[in-house]
Each structure stands twice: as C-alpha cells, then as structure tokens.
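Peer 1: this one's structure only:
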C-alpha cells in the first residue's frame with residue numbers, strides 16, 4: 001500500500017469522524033435551543049448544520065455572548081472537505097494503478 005493510499009484512507013476516516021461529530025454537536029446544540037416545550041423540531045434547524053446565515057448565525061452569536069460554547073458549521077465543512085479530499089486521492093491512486 002502506497003503512502004498516498006494510506007493518506008487517502010486516513011482523510012476519509014477522519015472526514016467521517018469529524019462530519020459525524022459535527023452532526024451530533026449540531027443536534028445536541030439545537031435540540032437544547034429548541035427545547036421540549038416548543039412545536040419546533042430539528043428539521044427546521046437543518047440549514048444551520050451547514051450555514052450560519054440569518055437565524056443560524058444569530059442563535060450561536062447570542063449563545064457565545066452568554067459565554068457558552070456554540071455550534072459552528074465550520075466543523076461540518078472541515079469534515080466534508082476531508083472526506084471529499086480522501087475520496088479524490090483514492091480515485092487518483094486507482095487511476096494510476
């Protein structure tokens with residue numbers, strides 16, 4: 001197994017771990033924000049998984065202002081980029097063989 005193949009598999013594995021961690025963090029954060037007494041669901045906060053525009057930027061901003069750790073879509077995008085980079089490397093290695 002070449003070094004590039006190992007790096008590709010590490011990037012894929014790391015990307016999966018980081019993306020799953022981001023989804024869990026998003027779900028926990030917005031579930032706590034929405035609370036159990038509201039009619040809202042995580043489905044309504046889905047765009048906040050990958051974006052920080054509008055309400056998705058306001059809520060974490062207010063949370064940070066109160067001194068608490070807020071969800072950031074940057075972690076999600078880091079995981080996706082790692083995953084796609086690893087997949088691209090795997091394709092390149094497979095084409096060269």
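Peer 2: The structure has been received and is ready for your questions. Small disclaimer: the values here were computed from a predicted structure and weren't measured.
Peer 1: Tell me how far the most centrally placed residue in the chain lies from residue 2.
Peer 2: Centroid-nearest residue in the chain: residue 76, 1.7 Å away (criterion: C-alpha atoms, centre = their mean). Distance of residue 76 to residue 2, computed by C-beta to C-beta, to the nearest Å: 30 Å. To be clear about C-beta, it is placed using only N, CA and C from the backbone, and glycine gets the same treatment.
Peer 1: Flag every buried residue along the helix or strand of the chain with the lowest mean pLDDT.
Peer 2: Ranked by mean pLDDT, DSSP states H and E, the weakest helix or strand in the chain is helix 55-65, scoring a mean of 90. Neighbour counts over helix 55-65 (16 or more other C-beta atoms under 10 Å) mark 56, 59-60, 63 as buried.
Peer 1: Just give me the closest of those residues to residue 89.
Peer 2: residue 56 (31.4 Å; C-beta to C-beta).
Peer 1: picking up where we left off before, among the buried residues of helix 55-65, which one sits closest to residue 21?
Peer 2: residue 60 (16.6 Å).
Peer 1: Please name the nearest non-neighbouring residue to the closest one.
Peer 2: residue 70 (3.5 Å; C-beta to C-beta, 6 or more residues apart in numbering).
Peer 1: Using the three-state scheme, assign that neighbour.
Peer 2: coil (DSSP: H, G, I helix; E, B strand; the rest coil).
Peer 1: before we move on, what about residue 51?
Peer 2: coil.
Peer 1: burial of the closest residue to it other than its chain neighbours, as a residue count?
Peer 2: Using C-beta to C-beta, 6+ apart and skipping the chain neighbours, the partner closest in space to residue 51 is residue 73 (6.0 Å). Using other C-beta atoms under 10 Å, residue 73 is surrounded by 20 other residues.
Peer 1: now residue 52
Peer 2: 18.
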